[in-house]
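S.K.: Turn this into a structure:
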Amino acid sequence: MSPASYPSEEALGESVRVLESWGLVVEVGKHALDRHGYLAGRDSDRLADLDDAYRDPGVRAVIAARGGAGAYRIAHDLDFAAVRADPKPLVGFSDITNLHLALWRHCRVAGIHGFLDGARSAASTRSLLMETEPAVLHRDPEALTAAVRVGGVATGNLVGGHLGTLAWSVGAGLPDLDGAILFLEAPRAVGLGHVDRQLTQLIRSGSLRGLRGVALGRFPGFEDYTDRDWTVLDVLRDRLEPLGVPVLGGIDVGHGDNPLSIALGPMAELDADAGTLTTDPAVK
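M.R.: So this is what the prediction gives:
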């Protein structure tokens, strides 16, 4: 279904084919291809599709067709009683981070930051949806954020997603991060100041008090970007190192081509020295 922006008919069809190749029966939301400006239909219709899925005992997972914009308009109006009565994982990322945060805050239901576009991404998402073993992600030494590291080991529920969405959620539904490990990723939208402002908002709002650790995913678009001799790595170090918690960069999850997927919500262990992020399963 399409809780945010609308996909192309071709992209939606390809997602259906991928899921069917896993042996799953796919039901497409009534309004998945609706259009209302840049949204996949009106708020009430997108919300109705989500509520119908959570109320249907035959539905075992909810897959967002794409991100874009608009999930923030409906995230806090979900039928959370239905979600708690029949928990099921949500798959999606980017603007879908709004839904992940709301589902975790109100229901403590795990989800998957990922999607189905690309063989590697699809395989990673399938593993998280259909296997009940812990998942281990290793630091990719070639990744941009691999150069950011604060040593140590941390355990806690893994919460997070798109950095901008987390910052915009301060005062508007950001879950309590006390005792959590925070996962962050973001594509370049403007410049370094944008990342700096978002991290500073999280810090100064007090939202990061009690945080156990930080895992950094992809920050595409910043690879060759500098601003007065600083790179995004300088901003990340400058803002995150004073938190005094372990920081592990180089997790190959986020925007861009064919990333891995990651479970959000389960207990995780971040070992910045070994370069691993281990999460309990998102499903039982």
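S.K.: so how many other residues sit close to the spatially closest residue to residue 267 that is not a sequence neighbour?
M.R.: Nearest residue to residue 267 in three dimensions, chain neighbours excluded: residue 280, at 4.8 Å (CB to CB, 6 or more residues apart in numbering). C-beta here means a position set from N, CA and C on the backbone, and glycine is covered the same way. Neighbourhood size, residue 280 [other CB atoms under 10 Å]: 18.
S.K.: Kindly report the same for residue 119.
M.R.: 10.
S.K.: contacting residues around it?
M.R.: Residues counted as contacts of residue 119 (CB atoms under 8 Å, 6 or more residues apart in numbering) are residue 258.
S.K.: what do you get for residue 183?
M.R.: Contacts of residue 183 by CB under 8 Å, 6+ apart are 113, 158-161, 214-217, 251, 253, 262, 264.
S.K.: Might you specify the subset of those residues located within strands?
M.R.: Among the contacts of residue 183, the members found in strands (DSSP state E) are 113, 158, 159, 160, 161, 214, 215, 216, 262, 264.
S.K.: any idea how far residue 104 is from the nearest residue to the third one once chain neighbours are set aside?
M.R.: Counting by CB to CB, 6+ apart, the nearest residue to residue 159 once its immediate chain neighbours are dropped is residue 180, at 4.6 Å. To residue 104, residue 180 is 9 Å away according to CB to CB, to the nearest Å.
S.K.: quick one, helices of the stretch 1-150 of the chain?
M.R.: Counting by DSSP state H, counting those that start in this stretch, the stretch 1-150 of the chain has helices at residues 9-21, 43-55, 80-85, 97-107, 119-130.
S.K.: and the second one, which residues are buried?
M.R.: Going back to what we said before, that points to helix 43-55. 45, 46, 47, 48, 49, 50, 51, 52, 53, 54 (16 or more other CB atoms under 10 Å).
S.K.: repeat for the fourth one
M.R.: Buried residues in helix 97-107, defined by neighbour count with 16+ other CB under 10 Å: 97, 98, 99, 100, 101, 102, 103, 104, 105, 106, 107.
S.K.: For residue 265, see how far away the last one is.
M.R.: Applying CB to CB, the value for residue 107 to residue 265 is 10 Å.
S.K.: what's the answer for the third one, then?
M.R.: Applying CB to CB, the value for residue 99 to residue 265 is 12 Å.
S.K.: Common neighbours of those two, please.
M.R.: Taking CB under 8 Å, 6+ apart as the contact rule, residue 99 and residue 265 both touch residue 111.
S.K.: circling back: need the overlap of contacts for residue 180 and residue 104.
M.R.: With CB under 8 Å, 6+ apart, residue 180 and residue 104 have common neighbours residue 159.
S.K.: check contacts around the closest residue to residue 77 other than its chain neighbours.
M.R.: Computed as CB to CB, 6+ apart, the closest residue to residue 77 that is not its neighbour in sequence is residue 47, at 5.7 Å. Neighbouring residues of residue 47 by CB under 8 Å, 6+ apart: 3, 74, 77, 78.
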